[in-house]
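Trainee: The sequence and its predicted three-dimensional model are supplied below.
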Amino acid sequence: MHPGIRTIALAGAAVLAALFPASGAFGDQPPIKIGFITSYSGSTALAARVADATIAAFLKQRGDVVAGRKIEIIKRDDTGPAPEVARRLAQELVVGEHVDFLAGIIYSPNAVAVGQISAQSKTPFLVMNATQSNLTLGDPYMARFSLTLPQLSGPLARWALKNGIKTAYAIFLDYAPGLDAGAGFEAVFTAGGGKILGEVRVPLTNADFTAYTQRAKDTNPQAVFAFVNANGGGQAFLKSFYETGLAQAGVKILATPDLVLESFLPAYGDFANGIISAGNYSANHDSRINRAFVAAVLAADNNEAPPDYNSVATYDIMNAIYRVIEAQKGNLDPDRTMGLLRGMTFESPRGPLEIDARNRDIVQTVYIRRTEKRDGKYVNVEIASYPRATDPLAK
């Protein structure tokens with residue numbers, strides 16, 4: 001490791017250790033088991049590895065014993081958007097491994113499937129991503145630590161209107177999170193006087209966006225609102241955005257954070273330049289706790305990739321689990337756990353975080369970011385913020 005990086009990592013370790021002191025000594029009680037399910041294979045494999053590095057960094061700082069109970073992480077690969085696989089893995093973890101917590105999940109259909117097992121078994125389920133609106137309503141033992149798309153796309157629409165963008169074309173993937181993203185953006189944009197010139201719903205497995213970006217160009221918009229999820233379509237979308245001449249015509253991209261996931265930016269090159277996105281976290285966020293967090297994760301993953309919104313949610317999930325274990329002195333009751341999670345607040349590397357006591361969903365600051373090159377690499381730079389944002393579609 002370069003001496004400078006090592007110095008930053010050690011300083012980060014000191015800050016995180018001070019913020020989260022180690023728990024008590026390990027006794028004779030059985031371990032507390034956390035079943036962590038995510039997509040280790042497929043296009044999100046790098047993001048999953050960064051989430052793993054986040055867990056490793058957390059355990060290094062906090063220790064693997066809390067309230068006298070050793071923590072055991074049991075990891076499973078759901079292989080991507082595959083709800084039947086996710087349901088089977090959750091069932092195996094609950095029945096075979098007797099896990100105390102379920103955690104993880106990138107895709108909303110998988111979260112719905114795992115939520116069915118969580119609800120039946122009364123196993124607390126802490127969601128890392130899975131951005132579909134009202135997801136937690138189907139499982140009283142679920143709490144979300146990520147985001148919803150309308151929670152982000154509404155502030156993005158307000159920022160666009162404030163900055164003189166009055167016309168937009170919408171391109172989003174044709175499944176629940178994509179529909180939520182498009183509905184959230186369009187509702188706020190039109191209510192504020194903006195005009196949606198058209199929209200297109202793209203099949204989830206689509207590999208070529210040329211026909212869709214051409215339709216957008218034909219309407220002569222000032223901006224294109226885009227939801228392209230973490231399944232890896234971002235590079236294809238950006239390539240067609242440039243090839244059809246939208247970028248050259250000065251059309252802005254207004255995106256959800258999936259498009260500009262930190263681990264994707266190096267592959268985009270200059271295609272990433274100038275993208276405006278709404279997100280709940282960027283590795284470039286300027287705070288003491290985040291600088292320490294980034295250094296710790298980079299040390300854990302050998303500088304492979306900085307943390308992203310999946311990994312910060314993973315970190316916050318681990319923090320929340322430790323808090324509820326400590327509050328119950330190691331003697332866990334699932335209903336007591338959920339009571340402690342409702343209304344929980346703490347300072348995260350992303351900023352202030354709260355779990356809504358009403359629906360167990362996330363309340364957080366939404367940041368508007370511009371992707372730009374700094375020190376030779378593209379990063380998401382915060383240019384505006386909307387504190388205590390909630391999902392406008394929440395019931």
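Mentor: Arrived safely.
Trainee: Could you find the closest non-adjacent residue to residue 277?
Mentor: Excluding its sequence neighbours, the residue lying closest to residue 277 (C-beta to C-beta, 6 or more residues apart in numbering) is residue 255, at 4.5 Å. For glycine as for every other residue, the C-beta is placed from the backbone atoms N, C-alpha and C.
Trainee: Who is that neighbour paired with across the strands?
Mentor: Taking DSSP bridges as the rule, residue 255 bridges to residue 226, residue 277.
Trainee: give me every residue that touches it.
Mentor: Shown in contact with residue 255 (C-beta atoms under 8 Å, 6 or more residues apart in numbering): 225, 226, 227, 228, 275, 276, 277, 278.
Trainee: give the contact list for the fifth one.
Mentor: Shown in contact with residue 275 (C-beta under 8 Å, 6+ apart): 253, 255, 259, 260, 370, 371.
Trainee: Skipping its backbone neighbours, what lies nearest it in space?
Mentor: residue 371 (4.3 Å).
Trainee: neighbours of that neighbour, just the number please.
Mentor: Using other C-beta atoms under 10 Å, residue 371 has 22 neighbouring residues.
Trainee: what kind of secondary structure is it in?
Mentor: Look at residue 371: counting by DSSP: H, G, I helix; E, B strand; the rest coil, its state is strand.
Trainee: so it sits right up against residue 260, yeah?
Mentor: Yes - under the criterion of C-beta atoms under 8 Å, residue 371 makes contact with residue 260 at 5.3 Å.
Trainee: overlap in contacts of these two?
Mentor: Counting by C-beta under 8 Å, 6+ apart, the common neighbours of residue 371 and residue 260 are 272, 275, 277, 380.
Trainee: tell me what the strand or helix carrying residue 183 is packed against?
Mentor: In the assignment (DSSP states H and E), residue 183 maps to helix 176-191. With contacts taken as 3 or more C-beta pairs under 8 Å, 6 or more residues apart in numbering; DSSP states H and E, helix 176-191 sits against helix 108-121, helix 149-162, strand 167-173, strand 195-202, strand 223-227.
Trainee: Buried deepest among these, which one?
Mentor: strand 223-227 (a mean of 27; mean count of other C-beta atoms under 10 Å).
Trainee: export that one as CSV, just CAs?
Mentor: C-alpha atoms of strand 223-227 as CSV (Å, rounded to 0.1, in the frame of the first residue of the first chain):
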residue,chain,number,x,y,z
ALA,A,223,-33.0,17.3,-20.8
VAL,A,224,-33.5,13.5,-20.7
PHE,A,225,-34.5,11.9,-17.4
ALA,A,226,-33.0,8.5,-17.2
PHE,A,227,-33.4,5.5,-14.9
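Trainee: Can you name the residues in contact with it?
Mentor: 149, 153, 156-157, 160, 165, 167-173, 177-178, 181-182, 185-186, 189, 213, 216, 237, 241, 246, 251-256, 258-259.
Trainee: Quote the end-to-end distance of stretch 73-85.
Mentor: Distance across stretch 73-85, first residue to last, is 19 Å (C-alpha to C-alpha, to the nearest Å).
Trainee: What residues of it count as buried?
Mentor: Buried residues in stretch 73-85, counting neighbours by 16 or more other C-beta atoms under 10 Å, are found at 73, 74, 75, 76, 77, 78, 80, 81, 82, 83, 85.
Trainee: would TSV of those residues with secondary structure, distance to residue 63 and pLDDT be doable?
Mentor: Formatted as TSV, these follow (DSSP: H, G, I helix; E, B strand; the rest coil; distance: C-beta to C-beta, whole Å; pLDDT from 0 to 100):
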residue	secondary structure	distance to residue 63	pLDDT
73	strand	13	98
74	strand	18	98
75	strand	19	98
76	strand	24	98
77	strand	27	97
78	coil	28	97
80	coil	33	91
81	coil	35	89
82	coil	34	94
83	helix	35	97
85	helix	32	98
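Trainee: Make CSV from the residues you listed and add distance to residue 141 to it.
Mentor: Putting the buried residues of stretch 73-85 into CSV (distance: C-beta to C-beta, whole Å) gives the following:
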residue, distance to residue 141
73, 19
74, 18
75, 21
76, 18
77, 23
78, 19
80, 24
81, 23
82, 22
83, 18
85, 21
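Trainee: Closest one to residue 354 out of those residues, please.
Mentor: residue 73 (25.4 Å; C-beta to C-beta).
Trainee: gap between the closest one and residue 233?
Mentor: According to C-beta to C-beta, to the nearest Å, residue 73 and residue 233 sit 30 Å apart.
Trainee: How about residue 140?
Mentor: Distance from residue 140 to residue 233, by C-beta to C-beta: 34 Å.
Trainee: Residue 331: neighbouring residues, count only.
Mentor: 11.
Trainee: So what's the predicted local confidence for it?
Mentor: Residue 331 carries a pLDDT value of 97.
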